[in-house]
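> sequence? don't have it. structure:
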(Lines give C-alpha, C1' and ligand atoms only; values in the text may rest on other atoms or scores of the structure.)
Protein backbone atom coordinates (compact mmCIF):
# COMPACT_ATOMS: atom_id res chain seq x y z
CA UNK A 1 0.00 0.00 0.00
CA UNK A 2 1.54 3.27 -1.14
CA UNK A 3 1.59 6.26 1.20
CA UNK A 4 0.08 9.41 -0.26
CA UNK A 5 2.45 12.34 -0.03
CA UNK A 6 1.21 15.74 0.99
CA UNK A 7 2.06 18.89 -1.03
CA UNK A 8 4.48 19.90 1.72
CA UNK A 9 6.31 16.56 1.38
CA UNK A 10 6.61 17.01 -2.38
CA UNK A 11 7.93 20.55 -1.98
CA UNK A 12 10.46 19.34 0.58
CA UNK A 13 11.67 16.57 -1.75
CA UNK A 14 12.07 18.99 -4.66
CA UNK A 15 13.94 21.57 -2.57
CA UNK A 16 16.07 18.86 -0.95
CA UNK A 17 16.93 17.38 -4.36
CA UNK A 18 17.91 20.78 -5.75
CA UNK A 19 20.11 21.53 -2.76
CA UNK A 20 21.84 18.15 -3.02
CA UNK A 21 22.38 18.59 -6.76
CA UNK A 22 23.94 21.96 -6.04
CA UNK A 23 26.27 20.40 -3.46
CA UNK A 24 27.22 17.69 -5.98
CA UNK A 25 27.96 20.31 -8.64
CA UNK A 26 30.06 22.41 -6.26
CA UNK A 27 31.98 19.32 -5.15
CA UNK A 28 32.40 17.70 -8.55
CA UNK A 29 33.21 20.66 -10.77
CA UNK A 30 36.71 21.40 -9.39
CA UNK A 31 37.72 17.81 -10.14
CA UNK A 32 36.20 18.03 -13.64
CA UNK A 33 37.99 21.33 -14.22
CA UNK A 34 41.34 19.76 -13.32
CA UNK A 35 40.59 16.74 -15.54
CA UNK A 36 39.62 18.92 -18.52
CA UNK A 37 42.62 21.21 -18.02
CA UNK A 38 45.02 18.26 -17.83
CA UNK A 39 43.77 17.03 -21.23
CA UNK A 40 43.82 20.45 -22.87
CA UNK A 41 46.31 21.94 -25.28
CA UNK A 42 48.97 23.70 -23.14
CA UNK A 43 48.92 26.93 -25.15
CA UNK A 44 45.13 27.22 -25.09
CA UNK A 45 44.71 26.43 -21.39
CA UNK A 46 47.46 28.90 -20.44
CA UNK A 47 45.53 31.70 -22.16
CA UNK A 48 42.08 30.57 -20.99
CA UNK A 49 40.20 32.52 -18.34
CA UNK A 50 36.78 31.39 -17.24
CA UNK A 51 34.64 28.29 -16.77
CA UNK A 52 35.88 25.12 -18.44
CA UNK A 53 33.29 22.59 -19.65
CA UNK A 54 35.47 20.42 -21.90
CA UNK A 55 39.15 20.03 -22.85
CA UNK A 56 40.50 22.82 -25.03
CA UNK A 57 42.17 21.09 -27.94
CA UNK A 58 42.64 17.53 -26.68
CA UNK A 59 46.26 16.75 -25.77
CA UNK A 60 47.98 14.09 -23.63
CA UNK A 61 51.34 15.88 -23.60
CA UNK A 62 51.04 16.62 -19.87
CA UNK A 63 50.44 12.96 -18.96
CA UNK A 64 53.33 11.87 -21.16
CA UNK A 65 55.61 14.33 -19.34
CA UNK A 66 54.34 13.12 -15.96
CA UNK A 67 54.91 9.43 -16.67
CA UNK A 68 58.33 10.16 -18.13
CA UNK A 69 59.35 11.50 -14.72
CA UNK A 70 61.02 8.66 -12.73
CA UNK A 71 60.13 10.30 -9.41
CA UNK A 72 56.44 9.63 -10.07
CA UNK A 73 57.11 5.88 -10.11
CA UNK A 74 59.25 6.20 -6.98
CA UNK A 75 56.39 8.04 -5.28
CA UNK A 76 53.84 5.42 -6.34
CA UNK A 77 56.07 2.60 -5.14
CA UNK A 78 56.65 4.19 -1.75
CA UNK A 79 53.03 5.22 -1.28
CA UNK A 80 51.77 1.71 -2.06
CA UNK A 81 54.22 0.34 0.50
CA UNK A 82 53.10 2.82 3.17
CA UNK A 83 49.42 2.19 2.39
CA UNK A 84 49.65 -1.61 2.44
CA UNK A 85 52.05 -2.08 5.35
CA UNK A 86 50.77 0.89 7.33
CA UNK A 87 47.11 -0.01 6.96
CA UNK A 88 47.76 -3.64 7.90
CA UNK A 89 49.62 -2.55 11.04
CA UNK A 90 46.92 0.03 11.85
CA UNK A 91 44.12 -2.53 11.56
CA UNK A 92 45.90 -5.18 13.60
CA UNK A 93 46.58 -2.84 16.52
CA UNK A 94 43.17 -1.14 16.29
CA UNK A 95 41.31 -4.46 16.25
CA UNK A 96 43.26 -5.73 19.26
CA UNK A 97 42.72 -2.49 21.17
CA UNK A 98 39.01 -2.30 20.30
CA UNK A 99 38.47 -5.90 21.40
CA UNK A 100 40.10 -5.26 24.78
CA UNK A 101 38.05 -2.12 25.37
CA UNK A 102 34.80 -3.80 24.30
CA UNK A 103 34.97 -6.64 26.85
CA UNK A 104 33.12 -6.20 30.12
CA UNK A 105 35.62 -7.96 32.41
CA UNK A 106 38.71 -5.92 31.52
CA UNK A 107 40.53 -4.50 34.55
CA UNK A 108 40.66 -0.68 34.69
CA UNK A 109 38.62 -0.45 31.53
CA UNK A 110 37.09 2.95 32.33
CA UNK A 111 40.36 4.75 33.29
CA UNK A 112 42.08 3.36 30.21
CA UNK A 113 39.19 4.48 28.00
CA UNK A 114 39.32 7.97 29.51
CA UNK A 115 43.06 8.21 28.85
CA UNK A 116 42.50 7.18 25.24
CA UNK A 117 39.68 9.72 24.78
CA UNK A 118 41.97 12.36 26.34
CA UNK A 119 44.27 12.05 23.31
CA UNK A 120 41.42 13.22 21.08
CA UNK A 121 41.64 16.69 22.63
CA UNK A 122 45.27 17.04 23.70
CA UNK A 123 48.61 15.97 22.28
CA UNK A 124 52.27 16.62 22.92
CA UNK A 125 52.64 18.71 19.78
CA UNK A 126 55.06 18.68 16.90
CA UNK A 127 58.32 19.46 18.71
CA UNK A 128 58.09 16.66 21.33
CA UNK A 129 57.03 14.25 18.57
CA UNK A 130 60.01 15.23 16.45
CA UNK A 131 62.42 14.90 19.38
CA UNK A 132 61.05 11.43 20.14
CA UNK A 133 61.02 10.10 16.58
CA UNK A 134 64.11 11.82 15.15
CA UNK A 135 66.40 12.13 18.17
CA UNK A 136 65.46 9.41 20.65
CA UNK A 137 64.39 6.66 18.24
CA UNK A 138 66.63 7.86 15.37
CA UNK A 139 64.03 7.10 12.71
CA UNK A 140 65.08 9.81 10.26
CA UNK A 141 64.91 8.36 6.74
CA UNK A 142 63.12 5.28 8.06
CA UNK A 143 59.63 4.12 7.00
CA UNK A 144 58.93 3.51 10.70
CA UNK A 145 58.70 7.29 11.16
CA UNK A 146 55.54 7.50 9.03
CA UNK A 147 53.94 4.24 10.21
CA UNK A 148 54.52 3.75 13.95
CA UNK A 149 53.61 7.18 15.44
CA UNK A 150 50.09 7.01 13.96
CA UNK A 151 49.61 3.30 14.52
CA UNK A 152 46.24 3.74 16.26
CA UNK A 153 43.76 6.51 15.48
CA UNK A 154 41.64 7.20 18.55
CA UNK A 155 38.45 7.94 16.62
CA UNK A 156 38.75 4.74 14.59
CA UNK A 157 39.46 2.78 17.76
CA UNK A 158 36.29 4.07 19.42
CA UNK A 159 34.15 3.36 16.35
CA UNK A 160 35.46 -0.20 16.15
CA UNK A 161 34.99 -0.70 19.89
CA UNK A 162 31.33 0.27 19.51
CA UNK A 163 30.97 -2.21 16.66
CA UNK A 164 32.49 -5.00 18.75
CA UNK A 165 30.20 -4.17 21.67
CA UNK A 166 27.20 -4.69 19.37
CA UNK A 167 28.07 -8.38 18.92
CA UNK A 168 25.75 -10.41 21.23
CA UNK A 169 27.61 -11.63 24.36
CA UNK A 170 25.88 -15.00 24.00
CA UNK A 171 28.06 -15.76 20.97
CA UNK A 172 31.21 -15.19 23.01
CA UNK A 173 29.86 -17.33 25.84
CA UNK A 174 29.05 -20.15 23.42
CA UNK A 175 32.55 -19.98 21.94
CA UNK A 176 34.15 -20.13 25.39
CA UNK A 177 32.06 -23.18 26.26
CA UNK A 178 33.55 -24.83 23.17
CA UNK A 179 37.05 -24.08 24.46
CA UNK A 180 37.87 -20.97 22.39
CA UNK A 181 40.40 -18.49 23.76
CA UNK A 182 40.34 -14.73 23.25
CA UNK A 183 42.23 -14.78 19.95
CA UNK A 184 39.88 -17.43 18.56
CA UNK A 185 36.83 -15.46 19.70
CA UNK A 186 38.22 -12.26 18.20
CA UNK A 187 39.21 -13.60 14.78
CA UNK A 188 36.59 -16.32 14.38
CA UNK A 189 33.53 -14.64 15.95
CA UNK A 190 33.91 -10.88 16.49
CA UNK A 191 35.80 -9.91 13.31
CA UNK A 192 33.55 -11.84 10.84
CA UNK A 193 30.46 -10.23 12.38
CA UNK A 194 32.01 -6.74 12.24
CA UNK A 195 33.29 -6.77 8.65
CA UNK A 196 31.29 -3.67 7.55
CA UNK A 197 32.87 -1.55 10.29
CA UNK A 198 36.30 -3.05 9.67
CA UNK A 199 35.98 -2.25 5.96
CA UNK A 200 35.15 1.38 6.71
CA UNK A 201 38.01 1.80 9.19
CA UNK A 202 40.40 0.12 6.75
CA UNK A 203 39.39 2.63 4.10
CA UNK A 204 39.90 5.53 6.52
CA UNK A 205 43.41 4.34 7.32
CA UNK A 206 44.27 3.65 3.67
CA UNK A 207 43.11 7.10 2.54
CA UNK A 208 45.04 8.67 5.39
CA UNK A 209 48.25 6.95 4.32
CA UNK A 210 47.64 7.78 0.66
CA UNK A 211 47.19 11.49 1.37
CA UNK A 212 49.86 11.79 4.08
CA UNK A 213 52.89 13.94 3.37
CA UNK A 214 53.63 15.95 6.53
CA UNK A 215 55.46 13.21 8.45
CA UNK A 216 57.51 12.38 5.36
CA UNK A 217 58.30 16.07 4.91
CA UNK A 218 59.66 16.25 8.46
CA UNK A 219 61.53 12.96 8.77
CA UNK A 220 62.67 12.10 5.23
CA UNK A 221 65.78 13.53 3.60
CA UNK A 222 66.27 10.80 0.99
CA UNK A 223 64.10 11.35 -2.10
CA UNK A 224 64.03 7.58 -2.66
CA UNK A 225 61.68 7.34 0.35
CA UNK A 226 59.34 10.19 -0.63
CA UNK A 227 55.66 9.25 -0.99
CA UNK A 228 53.69 10.38 -4.02
CA UNK A 229 52.04 13.28 -2.18
CA UNK A 230 55.40 14.75 -1.18
CA UNK A 231 56.63 14.60 -4.76
CA UNK A 232 53.33 16.19 -5.81
CA UNK A 233 53.91 18.94 -3.25
CA UNK A 234 57.36 19.67 -4.64
CA UNK A 235 56.00 19.98 -8.15
CA UNK A 236 52.98 22.13 -7.26
CA UNK A 237 54.37 24.36 -4.51
CA UNK A 238 58.05 24.50 -5.38
CA UNK A 239 57.13 24.76 -9.08
CA UNK A 240 59.65 22.00 -9.82
CA UNK A 241 58.68 21.06 -13.37
CA UNK A 242 62.02 21.67 -15.08
CA UNK A 243 62.88 17.96 -15.35
CA UNK A 244 59.52 17.29 -17.06
CA UNK A 245 59.77 20.05 -19.64
CA UNK A 246 63.12 19.06 -21.11
CA UNK A 247 63.03 19.19 -24.88
CA UNK A 248 60.22 21.76 -24.87
CA UNK A 249 60.81 25.10 -26.57
CA UNK A 250 61.29 28.00 -24.18
CA UNK A 251 58.05 29.64 -25.27
CA UNK A 252 55.99 26.56 -24.40
CA UNK A 253 57.62 25.68 -21.07
CA UNK A 254 55.29 27.79 -18.92
CA UNK A 255 52.19 26.57 -20.75
CA UNK A 256 52.97 22.85 -20.52
CA UNK A 257 54.10 23.28 -16.91
CA UNK A 258 50.57 24.40 -16.09
CA UNK A 259 48.96 21.32 -17.64
CA UNK A 260 51.58 19.11 -15.97
CA UNK A 261 50.42 20.35 -12.57
CA UNK A 262 46.83 19.46 -13.42
CA UNK A 263 47.90 16.03 -14.70
CA UNK A 264 49.89 15.39 -11.53
CA UNK A 265 46.80 16.10 -9.43
CA UNK A 266 44.75 13.61 -11.47
CA UNK A 267 47.45 10.93 -11.30
CA UNK A 268 47.63 11.27 -7.51
CA UNK A 269 43.86 11.44 -6.95
CA UNK A 270 42.23 8.90 -9.27
CA UNK A 271 43.63 5.65 -7.81
CA UNK A 272 42.27 6.22 -4.31
CA UNK A 273 39.10 7.79 -5.73
CA UNK A 274 38.25 4.56 -7.53
CA UNK A 275 38.25 2.69 -4.21
CA UNK A 276 35.24 4.54 -2.83
CA UNK A 277 32.50 3.03 -5.06
CA UNK A 278 33.50 -0.47 -3.93
CA UNK A 279 33.42 0.50 -0.23
CA UNK A 280 30.38 2.80 -0.36
CA UNK A 281 27.90 0.10 0.64
CA UNK A 282 29.77 -0.41 3.92
CA UNK A 283 29.72 3.23 5.01
CA UNK A 284 26.29 3.65 6.58
CA UNK A 285 26.07 0.12 7.93
CA UNK A 286 29.61 0.15 9.28
CA UNK A 287 29.64 3.51 11.02
CA UNK A 288 26.10 3.20 12.39
CA UNK A 289 26.69 -0.20 14.04
CA UNK A 290 25.90 0.21 17.70
CA UNK A 291 24.00 3.44 17.14
CA UNK A 292 20.68 1.71 17.89
CA UNK A 293 20.36 -0.50 20.94
CA UNK A 294 17.74 -3.23 21.02
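It's in. All of these numbers come straight from a predicted model, not from anything done at the bench. Residues are numbered from 1 along each chain as shown.
> Nearest residue to the residue nearest the centre of the chain in space, please, no chain neighbours.
The residue lying closest to the centre of the chain (C-alpha atoms, centre = their mean) is residue 207, at 1.4 Å. Distances taken as C-beta to C-beta, 6 or more residues apart in numbering place residue 272 nearest to residue 207, at 6.0 Å, with adjacent residues excluded. C-beta here means a position set from N, CA and C on the backbone, and glycine is covered the same way.
> Distance check, that neighbour against residue 160.
21 Å (C-beta to C-beta, to the nearest Å).
> So which of these two has more stuff around it?
Neighbour count, other C-beta atoms under 10 Å: between residue 272 and residue 160, residue 160 has more, with 27 against 16.
> ok, the more buried one - contacts?
By C-beta atoms under 8 Å, 6 or more residues apart in numbering, residue 160 lies in contact with 94-95, 98, 194, 197-198, 201.
> ok so, going back, what comes up buried for the helix or strand containing the residue nearest to residue 207?
Assigned by DSSP states H and E, residue 272 belongs to helix 253-273. Within helix 253-273, the residues scored as buried using 16 or more other C-beta atoms under 10 Å are 253, 255-269, 272.
> In which helix or strand does residue 167 reside?
Counting by DSSP H and E, residue 167 is found in no helix or strand.
> now the one 5 residues further on
When secondary structure is defined by DSSP H and E, residue 172 falls within helix 169-177.
> Could you list the buried residues of that helix?
Neighbour-count burial for helix 169-177 flags 172, 175 (criterion: 16+ other C-beta under 10 Å).
> continuing past it, what's the next helix or strand?
Following helix 169-177 in sequence order, the next helix or strand is helix 182-185 (DSSP H and E).
> helices and strands around that next one, which ones?
helix 169-177 (3 or more C-beta pairs under 8 Å, 6 or more residues apart in numbering; DSSP states H and E).
> contact partners of the helix it packs on?
Contacts for helix 169-177 (C-beta under 8 Å, 6+ apart): 104, 184-185, 188-190, 193.
> that older thread, now find how far off-centre the helix holding residue 272 is within its chain.
19 Å (C-alpha atoms, centre = their mean, to the nearest Å).
> name the helices or strands packed onto it?
Helix 253-273 sits against helix 7-38, helix 42-47, helix 61-67, helix 195-211, helix 228-237, with contacts defined as 3+ C-beta pairs under 8 Å, 6+ apart.
> and it with helix 7-38, angle?
130 degrees (axes from the mean of the first three to the mean of the last three C-alpha atoms, to 10 degrees).
> tilt between helix 253-273 and helix 228-237?
Using the same axes, to 10 degrees: helix 253-273 against helix 228-237 is 150 degrees.
> tell me the mean pLDDT for helix 253-273?
Helix 253-273 shows a mean pLDDT of 80 in the predicted model.
> can you give me the angle it makes with helix 195-211?
Going by the same axes, to 10 degrees, helix 253-273 makes 160 degrees with helix 195-211.
> Among the contacts of helix 169-177, which one has the most neighbours?
Neighbour-wise, these (other C-beta under 10 Å) top out at residue 190, 23 neighbours.
> Next one: it relative to residue 103, how far apart?
Counting by C-beta to C-beta, the gap from residue 190 to residue 103 is 10 Å.
> can you check residue 64 too?
Distance from residue 64 to residue 103, by C-beta to C-beta: 56 Å.
> Over to residue 30?
46 Å.
> if you count what's nearby, which of those two comes out ahead?
A count of neighbours by other C-beta under 10 Å puts residue 103 above the other of residue 30 and residue 103, at 17 against 10.
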